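K.L.:
my questions are about this predicted structure, shown below with the sequence.
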Amino acid sequence: MIVFITGASAGFGAEMARTFVNNGHQVVISGRRKDRLEALAAELGDLALPIVMDVTCKESINEALSMLPQSWRQVDVLINNAGLALGTQPAHEAPLADWETMIATNCTGLVTMTRALLPAMVERGSGLIINLGSVAGHYPYPGGNVYGATKAFVDQFTLNLRADLAGTGVRATNLAPGLCGGTEFSNVRFKGDDAAAAKVYEGTVPLTAKDIAATVFWIATLPPHININTIEMMPTCQGFSPFAIKRT
Ligand code: NDP
Ligand code: 8X3
């Protein structure tokens, strides 16, 4: 298989790349940080192809795709993993620029990549798109405002892809994890405040990037007549909040 992973310079994406390469598949590893991608490519060898690409920029995506060598062009699996949360402020205090960055990355970037690679999959009658959603797209929490909304978009976009793709042989899955540690997600969310990031996982046994990579690999290696629509997964220590009632 040829697998194209967005956001492979860290976290889930890097671990997915390891899993697919270790099982003999070709993996395009993309992201903005060239040094990280090159280090991962050096670790993984010839089955990994590093491509610097910013999913928020259409030109960057087009340029990256046009640079793919001939033997890497028939992408079987697109993993739309690049994404981020910024901040946990309430809606009336959150910087608009943070909201715009989350929408540009988690929604616009994801649909631009999908639109770029989908026609060839449909033409071939096979292919798989795995989108990284989140439990934040299923359940509201304070400070989740736009991040959660972008992931709800991922949910519905994936299901609507399924509606359009039924009968084409092309599959689509939304994978929605809960609390997952050991990645840069919270360091990015708290803008480099590593102490605040570490606190998120204190006293927990969170999911790991390896758990996510194993799930993605399972989805991608199922027989072609099976489509996993949505998977929501949480660490066992995570549950649901009660309704918040502000009393006077
Ligand atoms: P990380 O911060 O560790 O990794 C995010 C990756 O996305 C990095 O490789 C980063 O690379 C890339 N990225 C960010 N912005 C862009 C951009 N504009 N263009 C290209 N690549 C970009 O996060 P995780 O691995 O934890 O998260 C991966 C995905 O999973 C995200 O979509 C996240 O929302 C989702 N998720 C995470 C959960 C968690 O608890 N960790 C739980 C549920 C969902 P670079 O900076 O080099 O561009
Ligand atoms: C990441 C999970 O709960 O931090 O998508 O929003 S959460």
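P.N.:
Nice, I can see it. Ligands and ions are numbered 1, 2, ... in the order given.

K.L.:
quick check: end-to-end length of stretch 201-215?
P.N.:
Taking C-alpha to C-alpha, to the nearest Å as the measure, stretch 201-215 stretches 21 Å from start to finish.

K.L.:
quick one: mean pLDDT for that stretch?
P.N.:
Predicted confidence along stretch 201-215 averages 98 (mean pLDDT).

K.L.:
stretch 62-70 now?
P.N.:
For stretch 62-70, the mean per-residue pLDDT is 97.

K.L.:
and that stretch, C-alpha only, in CSV?
P.N.:
Backbone C-alpha positions of stretch 62-70 (Å, rounded to 0.1, in the frame of the first residue of the first chain) are rendered in CSV as follows:
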residue,chain,number,x,y,z
ASN,A,62,-0.5,21.3,-4.8
GLU,A,63,3.2,21.7,-4.9
ALA,A,64,3.8,18.8,-2.6
LEU,A,65,1.5,16.5,-4.6
SER,A,66,3.2,17.5,-7.9
MET,A,67,6.6,16.6,-6.4
LEU,A,68,5.6,13.0,-5.7
PRO,A,69,7.7,10.6,-7.7
GLN,A,70,5.8,8.5,-10.2
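
K.L.:
is that stretch positioned near ligand 1?
P.N.:
No. Shown here: stretch 62-70 not in contact with ligand 1 (C-beta under 6 Å from any ligand atom), separated by at least 9.8 Å. Any C-beta I mention is one placed from the backbone N, CA and C, and that applies to glycine too.

K.L.:
just use 602 as the starting number from now, easier for me
P.N.:
OK, 602 is where the count begins now, so the last one is stretch 663-671.

K.L.:
max-length strand in this structure?
P.N.:
As far as residue count goes, and with DSSP state E defining each element, the longest strand of the chain is strand 771-778.

K.L.:
what helices or strands is that strand leaning on?
P.N.:
If contacts are counted by 3 or more C-beta pairs under 8 Å, 6 or more residues apart in numbering; DSSP states H and E, strand 771-778 sits against helix 711-725, strand 728-733, helix 746-766, helix 810-821, strand 831-834.

K.L.:
that strand close to ligand 1?
P.N.:
Yes. If you take C-beta under 6 Å from any ligand atom as the test, strand 771-778 does meet ligand 1, through Pro778.

K.L.:
can I get that strand in CSV, CA atoms only?
P.N.:
Listed in CSV are the C-alpha atoms of strand 771-778, where the atom choice follows Å, rounded to 0.1, in the frame of the first residue of the first chain:
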residue,chain,number,x,y,z
VAL,A,771,-13.6,4.0,-1.8
ARG,A,772,-13.9,3.9,2.0
ALA,A,773,-13.9,6.6,4.6
THR,A,774,-13.5,6.4,8.4
ASN,A,775,-13.6,8.9,11.2
LEU,A,776,-11.5,7.9,14.2
ALA,A,777,-12.4,9.9,17.3
PRO,A,778,-10.0,9.4,20.2
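
K.L.:
residues in contact with that strand?
P.N.:
Here strand 771-778 makes contact (C-beta atoms under 8 Å, 6 or more residues apart in numbering) with 719, 722-723, 726-736, 738-739, 752, 755-756, 759-760, 762-763, 766, 808, 813, 816-817, 820, 825, 828-835.

K.L.:
so what touches stretch 732-751?
P.N.:
Counting by C-beta under 8 Å, 6+ apart, the neighbours of stretch 732-751 from elsewhere in the structure are 613, 680-682, 684, 686-692, 695, 699-700, 703-704, 707-708, 711, 752-756, 758-759, 773-779, 831, 833, 835, 841-842, 845.

K.L.:
and that stretch, average pLDDT?
P.N.:
Mean pLDDT, stretch 732-751: 98.

K.L.:
quick one: that stretch near ligand 1?
P.N.:
Yes. For stretch 732-751 and ligand 1, the contact criterion (C-beta under 6 Å from any ligand atom) is met by Leu733, Ser735.
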